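A.B. asks: Provided below are the primary sequence and the corresponding predicted coordinates.
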Amino acid sequence: MNCERVLTELSSYSAGFLQGEARARVAEHLAACADCRAELESYRALDGLLGRETAVADERLVTGVMQEVQVLGAPERPGWLWAAEQAAPLMVLAAVIPLLTLLILSAVQGPLGPSTAALPNSVAYSSGIATGMTLGLCGMASLAAAWASWRAANSAA
Amino acid sequence: MRLPGLAAITQRHSPESALVGRAQRGDTDAFEALLRQHKDSVLNVARRMVGDRDAAEDIAQETFVKAFRHLQRFRGDSTFATWLYRITVNEARQYLRGQQRQIARWERQRDLAAAGPAEASEEEQAPLTELLQALSADQREALALFYLNELSIEEIASTLGAPVGTIKARLSRGRERLRQLAQERGLA
């Protein structure tokens, strides 16, 4: 590895982003090259200087925030929209399950509709009831998920 | 719904999570303790992003007020600090967008008004922090969080909503450019 290549990697190397073989190659070059070591030192010096340039927040910030907090009194309770957003993945799942159920049923019994006429009445009724119940349960699960999410958020209040 | 990772589970049982829980129930003393614990790091993220100390203080204040108002939305999926930094970054972005609009207005009116954008306050000038302003907004945000020395790259990526690889690239290029600028100005 030559100096030019190492210099392009030094920022990543000094930040600890280079791993494995790439890191070992740079380290090997650095062990043998004083110029590149000096460049590495300049990164460390920069990090040290910036790390030390820290501000300390004075009491005004605390007083200002706490005055506004006292006016607000308590954190706001999240609304239904936020709860629905949190429960969105469960709702998607609840929508996918009935679709899958319909697909499985149609694969097992043939397409629903006209061909069900060929099935014995008892089988057609059971499959219709099963589909309806699955759809109903999934809908209820979806609503329950949204409610549970809203409830969990509000129970802390 | 995201499943809680190990970090989230340990976070839920940390002493800080007890404070967060009390604050969520409206205990303002608990919130004040959290505020005192995080005020300096929030101020430093804001200052490194916007450059100006007074503006950074306003951003920090708005960050904590917003955090209190929306405390119920914090579910412990990340650390409380990461959640706070996310709000800080959003507030700072909003401030910078406002600044850009203001500068555009000044440029349009420069024949009428002699005054330019407000200078950074004279007290406590931090030359390298000022230099950060010469970088792109993306690089500056990543570096502002990186120089807190308390967040992992994954946490920085999660705070900024970008992939880990992108954050590493922004940090590497940003540090390279910053070092170059610092050397040009005899600061490092």
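C.D. replies: Right, received. Where do you want to start?

A.B. asks: burial measure for residue 37, as a count.
C.D. replies: Picking chain A for this. 13 (other Cβ atoms under 10 Å in any protein chain shown). The C-beta positions use only the backbone N, C-alpha and C, and glycine is treated the same way.

A.B. asks: please go with chain B instead
C.D. replies: Neighbour count for residue B:37, taken as other Cβ under 10 Å: 14.

A.B. asks: Run through the residues that contact it.
C.D. replies: Shown in contact with residue B:37 (Cβ atoms under 8 Å, 6 or more residues apart in numbering or on different chains): residue B:16.

A.B. asks: what distance separates stretch B:140-151 from the centre of its chain?
C.D. replies: Centroid separation between stretch B:140-151 and its chain, computed with Cα atoms, centre = their mean, to the nearest Å, is 8 Å.

A.B. asks: quick one: pLDDT of residue A:42?
C.D. replies: The model reports residue A:42 with a pLDDT of 89.

A.B. asks: quick one: it from residue B:131, how far?
C.D. replies: Distance, residue A:42 to residue B:131, by Cβ to Cβ, to the nearest Å: 14 Å.

A.B. asks: So between the two, which is more surrounded?
C.D. replies: residue B:131 (21 against 15).

A.B. asks: My understanding was that that one contacts residue B:185; is that so?
C.D. replies: Yes - look at residue B:131 against residue B:185 with Cβ atoms under 8 Å: they come within range, at 7.2 Å.

A.B. asks: In the chain, what residue spans correspond to helices?
C.D. replies: This is for chain A. Remark: helices assigned in chain A by DSSP state H are A:3-15, A:20-32, A:34-52, A:59-72, A:80-86, A:88-109, A:121-155.

A.B. asks: Hmm, no, I was thinking of chain B.
C.D. replies: B:6-12, B:15-24, B:28-50, B:53-69, B:80-108, B:127-131, B:137-146, B:153-160, B:164-184.

A.B. asks: pLDDT (mean, whole number) over the second one?
C.D. replies: Averaged over helix B:15-24, pLDDT sits at 90.

A.B. asks: Give me the contacts around that helix.
C.D. replies: Here helix B:15-24 has contacts from A:75, A:156-157, B:11, B:29-31, B:33-34, B:37, B:68, B:71-72, B:74, B:76, B:79-80, using Cβ under 8 Å, 6+ apart.

A.B. asks: Centre of the chain to that helix, how far?
C.D. replies: Centroid displacement of helix B:15-24 relative to its chain, using Cα atoms, centre = their mean, is 22 Å.

A.B. asks: Just the buried residues of it, please?
C.D. replies: Neighbour-count burial for helix B:15-24 flags B:16-17, B:19-20, B:22-24 (criterion: 16 or more other Cβ atoms under 10 Å in any protein chain shown).
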